[in-house]
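S.K.: Fold the following and give me the result.
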Amino acid sequence: MYFIGIDLAWGERQPSGVAVLDGDGRLVQLSAQTTDETIGAALAPYREDPVLVAIDAPLVVTNPSVNRPCEAALNRDFARFDAGTHPANTGKPEFAGTPRGARLAKALGLDINPASGRPRRAIEVYPHPATVALFGLGRTLKYKQKPGRSVAELREAMLMLVHHIESLADAETPMVVTEHPGWRELVADVTSAERKSELRRAEDQIDAVLCAYVARYAVAHPERTTTYGDLATGYIVTPTLPAGLVPTPRENAAPSRAGAAADPVRDAVRAYAAQRPELERITAQYVALITGLLDDAGINYHAVTGRTKSVASFAGKAARTLDGEPVYSDPLRQITDQIGVRIVTYVLSDVQAVVELLADQLSVLEDRDMGLETAQEGRFGYSSRHVLVALDAARAGAPDHMDLQDRNASVQVRTMLQHAWAEFEHDIRYKGTVPEADAPDLDRRFTLAAGLIELADREFSTIRDRLQESMTDQEPQVDEADPRISAQDLAAFLAGRFPDAGWSRTDHYEWVSGLLLELGVTSLQELGEVLRPVDSASISERMGYRYPPGAVRRLDDALLVVFGDRYVRMHGNARRAEALRARLEKLKG
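M.R.: Okay, here's the model as predicted:
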């Protein structure tokens with residue numbers, strides 16, 4: 001099923017926004033159209049598909065004056081959030097006959113009954129109350145053009161709306177828009193806009209995306225969706241107003257001061273938008289660099305991922321104030337999480353090993369143990385290690401890392417369980433969807449879950465340690481069809497050889513097993529003979545590790561000592577020959 005949003009202009013001289021989501025909530029079409037014919041042409045690929053089309057325009061208007069019953073009912077809930085509707089009645093020329101929305105629905109073959117179960121149907125929606133309900137807003141965002149609103153104010157509000165829309169990628173019912181090139185172009189246009197007309201062109205399409213999501217949300221969560229009115233007198237479908245949500249108190253406006261303060265934020269956002277493509281490349285390079293460091297150290301990890309802060313997220317953070325004053329006087333320099341890397345490990349000891357590796361191989365500018373800070377406050381909650389890194393002096397001048405110079409990366413290191421808790425907590429709390437009445441009970445439950453996760457992390461560490469201690473008693477399994485030492489047997493052997501070393505990744509064991517095969521070592525007995533003369537303590541002393549190298553790295557060092565230049569020149573080591581030569585010189589003393 002496709003979910004289509006149409007921000008329909010009341011006349012055919014103004015543009016209408018059109019957006020299409022696929023069944024998984026991914027934006028697959030975004031455009032601005034003018035006539036009913038061009039809208040129909042844009043939606044022609046979906047003429048035979050099941051669709052729910054959410055139209056921001058009246059579909060049924062029968063009242064001769066004032067507003068429709070559905071508008072009055074919606075206003076009773078949402079007007080105090082500045083999300084009330086404009087009245088529609090047959091006394092207005094545009095609604096004197098069949099409303100344009102109803103004509104368009106008929107042309108597209110859509111049933112406009114909100115209770116219909118037909119595969120192709122349409123509903124009337126309204127973006128303003130939807131934003132209040134979906135994002136927990138105390139008042140609507142002021143991105144619509146009204147007298148007295150400056151370009152800077154409109155742009156800032158629109159970028160905040162963009163940020164909220166992009167955050168739906170992590171929602172229970174997700175919508176992913178950032179993969180669509182049209183959306184990225186739209187955001188760039190908003191960021192660089194200097195005239196209201198430029199923002200107006202973007203507004204229709206942004207509203208259309210919101211409409212499409214309301215359609216998806218209504219299908220996924222009928223119990224959280226309210227239909228004001230009925231088919232006979234007109235209706236509006238919107239996400240239900242969360243219980244306990246209250247309007248934000250109005251503030252006295254200070255136009256001159258606000259206008260002056262908006263310029264630095266605008267300039268910073270424009271500059272950030274211009275350099276974001278470069279930051280995306282640098283993010284990928286940081287992910288590759290850190291992954292390589294982990295692999296080289298033989299430290300076990302589950303995943304390494306990266307993300308570049310979106311323009312909308314940067315804009316929202318740059319515009320933050322505290323006691324009426326900007327939080328960031330120089331957003332481009334002070335917002336340090338523009339480049340983000342996340343490392344997820346299996347057990348707590350690997351978190352510490354990763355942090356020690358980063359401190360050894362890179363320059364650590366800041367290191368915050370969020371779990372420790374939470375514990376020192378006497379409570380359970382968010383646990384993660386946040387490390388701000390930059391290139392160390394040795395790498396700063398290397399040609400391969402020229403793009404990373406003077407660029408910091410914010411690195412989060414956490415276990416899989418900590419990651420699961422943080423993602424769920426972020427999804428629930430960050431969007432402000434927790435009803436006020438339920439907050440105390442949910443706080444208690446989040447705390448309980450955090451305590452259980454901390455306990456589970458400790459148990460997993462104990463399980464890992466117990467298994468590692470018992471692995472040396474396992475009998476190797478011989479596979480006649482594969483001459484390599486199996487990863488499982490090699491892990492057991494190395495656990496006995498290097499009992500103080502942590503586990504390495506499964507693919508690390510498989511990789512070094514291939515190197516052993518290239519050396520002609522095909523059994524654990526042969527490997528034991530190769531390593532017999534090796535003084536592991538001497539190797540560790542010469543390498544001067546400031547982090548705990550994994551078992552595979554310890555074996556790698558030992559093989560380098562035994563085979564020397566032959567090991568460096570092996571085919572399987574071609575991509576890292578230079579680094580191995582440097583290590584060999586260090587090992588020779």
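
S.K.: Tell me which helix or strand Ala54 sits in.
M.R.: Per DSSP states H and E: Ala54 is located in strand 51-55.

S.K.: cool, Asp24 as well?
M.R.: Using DSSP H and E, no helix or strand contains Asp24.

S.K.: State the distance from it to Tyr46.
M.R.: 15 Å (C-beta to C-beta, to the nearest Å). (C-beta placed from N, C-alpha, C; glycine too.)

S.K.: quick one: Gln14 and Thr38, what's the gap?
M.R.: Counting by C-beta to C-beta, the gap from Gln14 to Thr38 is 13 Å.

S.K.: which one of those two has more residues nearby?
M.R.: Set Gln14 next to Thr38 and count neighbours by other C-beta atoms under 10 Å: Thr38 wins out with 16 against 12.

S.K.: Which helix or which strand is home to that one?
M.R.: Going by DSSP H and E, Thr38 is in helix 36-42.

S.K.: Just the residues contacting that helix, thanks.
M.R.: Ile6, Glu12, Ser16, Val18, Gln29, Ser31, Gln33, Arg100, Arg103, Leu104, Ala107, Leu108 (C-beta atoms under 8 Å, 6 or more residues apart in numbering).

S.K.: In helices, which of those residues appear?
M.R.: Taking DSSP state H as the definition of helices, these contribute Arg100, Arg103, Leu104, Ala107.

S.K.: Now the buried members of those residues.
M.R.: Arg100, Leu104 (16 or more other C-beta atoms under 10 Å).

S.K.: ok, of the ones in helices among the contacts of helix 36-42, which one's closest to Tyr567?
M.R.: Leu104 (71.7 Å; C-beta to C-beta).

S.K.: The closest one: what's it in contact with?
M.R.: Leu104 neighbours (C-beta under 8 Å, 6+ apart): Ile6, Leu8, Asp36, Ile39, Gly40, Ile55.

S.K.: What residues of stretch 448-458 count as buried?
M.R.: Under 16+ other C-beta under 10 Å, the buried positions of stretch 448-458 are Ala449, Ala450, Ile453, Glu454, Asp457.

S.K.: on that earlier part again, Asp24 and Tyr46: which has the busier surroundings?
M.R.: Taking other C-beta under 10 Å, Asp24 and Tyr46 do not tie; Tyr46 has more neighbours (18 against 10).

S.K.: how near is Leu448 to Gly244?
M.R.: Distance from Leu448 to Gly244, by C-beta to C-beta: 22 Å.

S.K.: what does Glu373 give?
M.R.: 29 Å.

S.K.: wait, isn't Ala456 in contact with Leu417?
M.R.: Yes. Using C-beta atoms under 8 Å, Ala456 is in contact with Leu417, at 5.7 Å.

S.K.: give the contact list for Ala115.
M.R.: Leu231.

S.K.: If we use 10 Å, what do you get?
M.R.: Shown in contact with Ala115 (C-beta atoms under 10 Å, 6 or more residues apart in numbering): Arg121, Thr227, Asp230, Leu231, Tyr235.

S.K.: The last one - nearest residue in space that isn't next to it in sequence?
M.R.: Using C-beta to C-beta, 6 or more residues apart in numbering and skipping residues adjacent in sequence, the residue nearest Tyr235 is Gly229, 3.7 Å away.

S.K.: what bridges to Asp7?
M.R.: Note on Asp7: beta-bridge partners Gly17, judged by DSSP bridges.

S.K.: for the helix or strand hosting Ala353, packing partners?
M.R.: If you go by DSSP H and E, Ala353 is part of helix 348-361. With contacts taken as 3 or more C-beta pairs under 10 Å, 6 or more residues apart in numbering; DSSP states H and E, helix 348-361 sits against helix 255-297, strand 339-345, strand 363-369, strand 385-390, strand 409-415, helix 416-429, helix 439-470.

S.K.: Would you mark the buried spots in it?
M.R.: Result for helix 348-361 [16+ other C-beta under 10 Å]: buried residues 348-359, 361.

S.K.: for these, which one is nearest Ala495?
M.R.: Nearest member of the buried residues of helix 348-361 to Ala495, counting by C-beta to C-beta, is Ser349, at 14.4 Å.

S.K.: OK, contacts around the closest one?
M.R.: Asn300, Thr415, Ser461, Arg464, Asp465, Gly502, Trp503, Pro548.

S.K.: run the last query once more with 7 Å
M.R.: Going by C-beta atoms under 7 Å, 6 or more residues apart in numbering, Ser349 touches Ser461, Gly502.

S.K.: Next: Thr90.
M.R.: Val61, Asn63, Pro64, Ala96.

S.K.: Recalculate using a threshold of 10 Å.
M.R.: Per C-beta under 10 Å, 6+ apart, neighbours of Thr90: Val61, Thr62, Asn63, Pro64, Ser65, Ala96, Gly97, Pro99.

S.K.: pLDDT value on the fourth one, please?
M.R.: Pro64 is assigned a pLDDT of 92 by the prediction.

S.K.: And the closest residue in space to it that isn't next to it in sequence, which helix or strand is it part of?
M.R.: Leaving aside its sequence neighbours, Pro64 sits nearest to Thr90 (C-beta to C-beta, 6+ apart; 5.2 Å). Thr90 is part of no helix or strand when elements are defined by DSSP H and E.

S.K.: same thing with Ile123?
M.R.: strand 120-124.

S.K.: per-residue confidence averaged over that strand?
M.R.: Here the average pLDDT along strand 120-124 is 97.

S.K.: Could you list the low-pLDDT ranges of the chain?
M.R.: 11-12, 250-263, 375, 377-379, 381, 396-399, 425-436, 438-439, 468-482 (pLDDT under 70).

S.K.: again, only using 50
M.R.: 252-262, 430-432 (pLDDT under 50).

S.K.: circling back to that earlier point, which one of the contacts of helix 36-42 is nearest Thr305?
M.R.: Closest approach between those and Thr305, by C-beta to C-beta: Gln29, at 28.2 Å.

S.K.: Looks like that closest one contacts Leu43 (just checking).
M.R.: Yes. Applying C-beta atoms under 10 Å, one finds Gln29 in contact with Leu43, separated by 8.3 Å.

S.K.: Now the common contact residues for these two.
M.R.: With C-beta under 10 Å, 6+ apart, Gln29 and Leu43 have common neighbours Tyr2, Ile4, Val18, Val20.

S.K.: With secondary structure, neighbour count and distance to Val176 added, can I get those residues in JSON lines?
M.R.: Shown next, in JSON lines, are those (DSSP: H, G, I helix; E, B strand; the rest coil; neighbours: other C-beta atoms under 10 Å; distance: C-beta to C-beta, whole Å):
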{"residue": "Tyr2", "secondary structure": "strand", "neighbour count": "21", "distance to Val176": "15"}
{"residue": "Ile4", "secondary structure": "strand", "neighbour count": "27", "distance to Val176": "16"}
{"residue": "Val18", "secondary structure": "strand", "neighbour count": "26", "distance to Val176": "18"}
{"residue": "Val20", "secondary structure": "strand", "neighbour count": "25", "distance to Val176": "13"}
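
S.K.: quick one: the nearest residue to Thr173 once chain neighbours are set aside from Tyr46, how far?
M.R.: Nearest residue to Thr173, sequence neighbours excluded (C-beta to C-beta, 6+ apart): Ala220, at 4.3 Å. Counting by C-beta to C-beta, the gap between Ala220 and Tyr46 amounts to 19 Å.

S.K.: residues touching the residue nearest to Tyr235, list them.
M.R.: 60, 68-74, 114, 124, 235-237.

S.K.: repeat for Leu199
M.R.: Applying C-beta under 10 Å, 6+ apart, the residues near Leu199 are Tyr143, Lys144, Gln145, Val151, Leu154, Arg155, Ala157, Met158, Asp189, Val190, Ala193, Ile206.

S.K.: No further questions, thank you.
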